[in-house]
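Undergrad: just the structure for this:
(2 chains)
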Amino acid sequence: GDSVTQMEGPVTLSEEAFLTINCTYTATGYPSLFWYVQYPGEGLQLLLKATKADDKGSNKGFEATYRKETTSFHLEKGSVQVSDSAVYFCALLADSWGKFQFGAGTQVVVTP
Amino acid sequence: EPEVTQTPSHQVTQMGQEVILRCVPISNHLYFYWYRQILGQKVEFLVSFYNNEISEKSEIFDDQFSVERPDGSNFTLKIRSTKLEDSAMYFCASHGQGVYSSYEQYFGPGTRLTVT
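TA: Purely as a prediction, here's the structure:
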């Protein structure tokens, strides 16, 4: 079945450092790919998405490119801030409908 | 901005007890979901609900689980006889109608269920 694998955390880095969170997927069809973020005490919030191969999703300085050849959707940010400390979830939506398949989440801790 | 709310934020219960987790989806949404995340594991789909009936459920969603939309605003998940392995964070989600509406699923903050 469809699945998502993302790197384990926590990832600890200093403010202004470069962030990469790896995400790979397995899917039989043509899924859409998402990154969700969860700040402490809040719900999962959509960060960005890409609906087809080679699409790049971007938001708040974060980017991820849908790579069909490597089945990956790695999240990157060039210069993180303390406010980016959160748990990041990679997810796929098979056939553009219905339930998400999530990864386990990666906690990111940014220190001043 | 509209948001999905869930109550309680943390529920502690003894094994064998019934629990009801409550969610208030966004008011004009029509599709509702429950997911759960056991500590350190993936967020897993439990059930989807539309037009007052279950549209899909996972193998986790056995006879011990049920969902209901008792009124126009609440969406509940009931576990009839909790087991230790039901301890998890439970997320509610909702979205509206239309093509690709699933892309805009709104999630609640979760209810942490601890079964002792």
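
Undergrad: pLDDT below threshold where in the chain?
TA: No chain specified, so I'll use chain A. Within chain A, the stretches with pLDDT under 70 are A:95-97.

Undergrad: I was after chain B.
TA: B:99-103.

Undergrad: residues of chain B that sit close to chain A?
TA: B:3-4, B:6, B:33, B:35, B:37, B:40-45, B:48, B:55-56, B:91, B:93, B:99-100, B:102-110 (C-beta under 8 Å from any C-beta of the partner chain). Every C-beta, even on glycine, is put in place using the N, C-alpha and C of the backbone.

Undergrad: 6 Å - rerun?
TA: By C-beta under 6 Å from any C-beta of the partner chain, the residues of chain B that approach chain A are B:Q41, B:K42, B:V43, B:F45, B:S48, B:Y100, B:S102, B:F107, B:G108, B:P109.

Undergrad: which of those residues fall in strands?
TA: If you go by DSSP state E, the residues of chain B next to chain A have B:V43, B:F45, B:S48, B:F107 in strands.

Undergrad: and which of the residues you listed is nearest A:G98?
TA: For these, the residue nearest A:G98 by C-beta to C-beta is B:S48; the value is 6.4 Å.

Undergrad: wait, isn't that closest one in contact with B:S58?
TA: No. In this structure, B:S48 is not within contact of B:S58 by C-beta atoms under 6 Å, at 9.5 Å.

Undergrad: now B:T5. Nearest residue, chain neighbours left out?
TA: Distances taken as C-beta to C-beta, 6 or more residues apart in numbering or on different chains place B:V24 nearest to B:T5, at 4.7 Å, with adjacent residues excluded.

Undergrad: the one you found: how many residues sit nearby?
TA: 16 (other C-beta atoms under 10 Å in any protein chain shown).

Undergrad: that one and B:V4: what is the separation?
TA: 7 Å (C-beta to C-beta, to the nearest Å).

Undergrad: write out the residues of chain A neighbouring chain B.
TA: Contact residues, chain A versus chain B (C-beta under 6 Å from any C-beta): A:E42, A:G43, A:L44, A:L93, A:S96, A:W97, A:G98, A:K99, A:F102, A:A104.

Undergrad: try it again with 7 Å
TA: A:32, A:41-44, A:49, A:89, A:93, A:96-100, A:102-104 (C-beta under 7 Å from any C-beta of the partner chain).

Undergrad: can you give me the strands for the chain?
TA: Unless you meant another one, I'm taking chain A. According to DSSP E, the strands that chain A contains are A:3-6, A:11-14, A:19-21, A:23-26, A:32-38, A:44-50, A:56-59, A:62-65, A:75-77, A:86-93, A:100-102, A:106-111.

Undergrad: um, chain B though
TA: B:5-7, B:10-13, B:19-24, B:31-37, B:43-50, B:53-57, B:65-68, B:75-79, B:88-95, B:106-107, B:111-115.

Undergrad: who does the fourth one pair up with?
TA: Put plainly, it is strand B:31-37. strand B:43-50 (antiparallel), strand B:88-95 (antiparallel) (DSSP bridges).

Undergrad: of B:S48 and B:S58, which one has the most company?
TA: Applying other C-beta under 10 Å to B:S48 and B:S58 shows that B:S48 carries more neighbours, namely 21 against 16.

Undergrad: contacts only, for that one.
TA: Neighbouring residues of B:S48 by C-beta atoms under 7 Å, 6 or more residues apart in numbering or on different chains: A:G98, A:K99, B:Y31, B:Y33, B:S55, B:E56.

Undergrad: how much space separates it from A:T5?
TA: 23 Å.

Undergrad: right, I'll leave it there.
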